[in-house]
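In: Sequence and predicted structure below; questions after.
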Amino acid sequence: ELELVRDGRGTAHVRAAGELDAYFGLGFAHAQDRLAQMTWLVRAARGRIAEAIGRDGLAADRWSRTLGLGRLADTRAEQLDPATRSRLDAYAAGVNAWIDRIEAGDAQAPIALARLGVRAERWTAADSLAVAKLLAWGLDGSVDAGLVLQDLVMHLGAFAARPFLPPEAAAQLVPVPLPRTEARVRPPGSAVEDPAVLARAAGLAGRSIGSSAWVVSGRAAANGRPLLAGDLHLEPTAPSLLYEAHLAAPGFTVAGAGPVGVPVFWLAHNGRVAWAATHARAAVVDLYVETLDPEDPTRYRAGSQWRTLLRREERIAVRGETAETWLVRETHRGPLLDGLVGPERPPLALAWAGAQPGDG
């Protein structure tokens, strides 16, 4: 048994017989209010934007296919513990219940999807993980920073570039002479190299992206209780990335805000404990300069040995045009950024914390 009501501000309140039913109701509410946004996010995560909007979506699709966000999500979904999987499945069932109403003619498809002629597809637990991976990638800016710092080192030399680097990294730099040929430094956001394109597709672009959170002691509060503040610095978008909701079931309650497409609450309380997730501002990406075999470009050096590059071909559908075949080459560290960064750069492999094994 489940009841979904909305207050005067339109906030969804789900009252359910059990916790899984509550997550079902959250999925239903998300889809009812934000199905077009959810469809866009999962397409961005899986590299399927160009399929809907044409060539303008190719740049973002190439990044997501190279990172393999969708592949990572599909793999992790099969490895989830039963408790987590059951909650994601319940949420997906709620999303699909609203899609069923649209397909039955009992509800209208979102205008944004109808105008594009895009049909909402069945939601899965892996789709929620894919959106979570996309958000994790979009909230990190260390690829951009890494490329800029590499340009500074190449342009100024390691010693002169030290003031621009974090103290720990600067201390490890060895002063080396400038190369004889001056490296070219591209302006940020150039057509050749735009690592922020996927973050923009997720609505996570801008200089102020991040967050902050703090606690005020109860000794300084009028009622003697501590105060928790959470401030998410997100790009202003319509609709917002966040969705406010309240779930209640016997032995389970949560009220707060979290991203659509994922049944989590970044800022919330459960009647006893309040929490606010904050942006760690940690570097979660490492770029490795790889040495390819000049006589056999299918091999790269790993220590004292040559290893064969892994290769996978990604077929990216493009609306109104022939599909593109995108080749991704990988070392044991991660995918090479072939075609994503300027051709004058050395072969760069990307190692990302979000691609490492774990519970997600």
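Out: In hand now; what should we look at?
In: Below-threshold pLDDT in the stretch 151-300 of the chain: ranges please.
Out: Low-confidence segments of the stretch 151-300 of the chain (pLDDT under 70): 168-193.
In: Strands along that one, start to end?
Out: 210-216, 227-233, 242-249, 252-259, 267-269, 274-276, 285-289, 292-293, 296-302 (DSSP state E, counting those that start in this stretch).
In: could those strands be laid out in TSV, adding mean neighbour count?
Out: Where you see a C-beta, it was placed from the backbone N, CA and C, and this is true even at glycine. Formatted as TSV, the strands of the stretch 151-300 of the chain follow (neighbours: other Cβ atoms under 10 Å):
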stretch	mean neighbour count
strand 210-216	14
strand 227-233	15
strand 242-249	20
strand 252-259	20
strand 267-269	19
strand 274-276	18
strand 285-289	16
strand 292-293	16
strand 296-302	14
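In: which one of those lies closest to residue 155?
Out: When these are compared by Cβ to Cβ, strand 285-289 sits nearest residue 155, at 16.3 Å.
In: In its sheet, which strands sit next to that closest one, and in what direction?
Out: Counting by DSSP bridges, the strands paired with strand 285-289 are strand 348-352 (antiparallel).
In: Just want the angle from the strand it pairs with to strand 296-302.
Out: Per axes from the mean of the first three to the mean of the last three Cα atoms, to 10 degrees, the angle that strand 348-352 makes with strand 296-302 is 50 degrees.
In: pull the CA atoms of strand 348-352 into CSV?
Out: Only the C-alpha atoms of strand 348-352 are listed here, as CSV (Å, rounded to 0.1, in the frame of the first residue of the first chain):
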residue,chain,number,x,y,z
LEU,A,348,47.8,9.9,-22.1
ALA,A,349,46.1,7.2,-20.1
LEU,A,350,43.4,8.2,-17.6
ALA,A,351,43.1,6.5,-14.3
TRP,A,352,39.9,7.5,-12.4
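In: Can you pull out the residues in contact with it?
Out: Counting by Cβ atoms under 8 Å, 6 or more residues apart in numbering, strand 348-352 makes contact with 66-67, 137, 143, 284-290, 330-331, 333-337, 341, all of which sit outside it.
In: which residue is nearest the centroid of this structure?
Out: Note on the chain: the residue nearest the mean C-alpha position is residue 134, at 1.7 Å, using Cα atoms, centre = their mean.
In: Spell out the secondary structure type for that residue.
Out: Using DSSP: H, G, I helix; E, B strand; the rest coil, the secondary structure recorded for residue 134 is helix.
In: which residue sits closest to it, ignoring its sequence neighbours?
Out: residue 45 (3.9 Å; Cβ to Cβ, 6 or more residues apart in numbering).
In: In a helix, the one you found, correct?
Out: Yes. Residue 45 sits within a helix when classified using three-state DSSP.
In: Contact partners for the residue nearest to the centre of the chain?
Out: Residues in contact with residue 134 (Cβ under 8 Å, 6+ apart) are 41, 44, 45, 64, 69, 198, 202.
In: With distance to residue 99 as extra columns, can I get the strands of the stretch 151-300 of the chain in JSON lines?
Out: Formatted as JSON lines, the strands of the stretch 151-300 of the chain follow (distance: least, Cβ to Cβ, whole Å):
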{"stretch": "strand 210-216", "distance to residue 99": "32"}
{"stretch": "strand 227-233", "distance to residue 99": "28"}
{"stretch": "strand 242-249", "distance to residue 99": "17"}
{"stretch": "strand 252-259", "distance to residue 99": "19"}
{"stretch": "strand 267-269", "distance to residue 99": "26"}
{"stretch": "strand 274-276", "distance to residue 99": "31"}
{"stretch": "strand 285-289", "distance to residue 99": "35"}
{"stretch": "strand 292-293", "distance to residue 99": "46"}
{"stretch": "strand 296-302", "distance to residue 99": "44"}
